[in-house]
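> Got a sequence here, can you build the structure:
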Amino acid sequence: DPFRKSHIDIEAYVSQGYDRETTKAYLSVIGEALRSPNLAIDIRFPTATKLMSVLDDKIFRHLNETIGETNEAILGAKRAEVFVDLNKDWATIIRDYDSRGDT
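Now for the predicted structure:
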């Protein structure tokens, strides 16, 4: 999907064989999405998949481990643990990537 205003050039699509009216409608919807204050774009860089996988895993485990917990002090401490663990794991992933020598 286009994610930059520069990608919303109807002529670029038409020159590649796309129908003008269909492209215009499609790019209109994309343009609206790009102007949304709620826009969220996937991160796209090496290790992004690993980083997001670790994040998903940590959050999933945290939520499952704290089901039914109402003590805010305990919840706060557990959230802090997730942050520390996540920070450590992300640092390892980034350090491993940076040490590859081809970056």
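
> and the residue nearest in space to the middle of the chain, what are its phi and psi?
To find the centre residue of the chain, average its C-alpha atoms and take the closest one (C-alpha atoms, centre = their mean): that gives residue 42, at 3.7 Å. Dihedral angles phi and psi of residue 42 (degrees, to the nearest 10) take the values phi -60, psi 140.

> can you tell me how far it sits from residue 7?
Remark: distance between residue 42 and residue 7 (C-beta to C-beta, to the nearest Å) = 15 Å. Placement of C-beta: from N, CA and C, glycine included.

> Please name the nearest non-neighbouring residue to residue 46.
residue 97 (6.0 Å; C-beta to C-beta, 6 or more residues apart in numbering).

> The helix or strand where the one you found lies: how far from the chain's middle?
When elements are defined using DSSP states H and E, residue 97 is found to belong to helix 72-98. The gap between where helix 72-98 is centred and where its chain is centred comes out at 18 Å by C-alpha atoms, centre = their mean, to the nearest Å.

> next one: stretch 20-39
A distance of 20 Å separates the C-alpha centroid of stretch 20-39 from that of its chain, computed with C-alpha atoms, centre = their mean.
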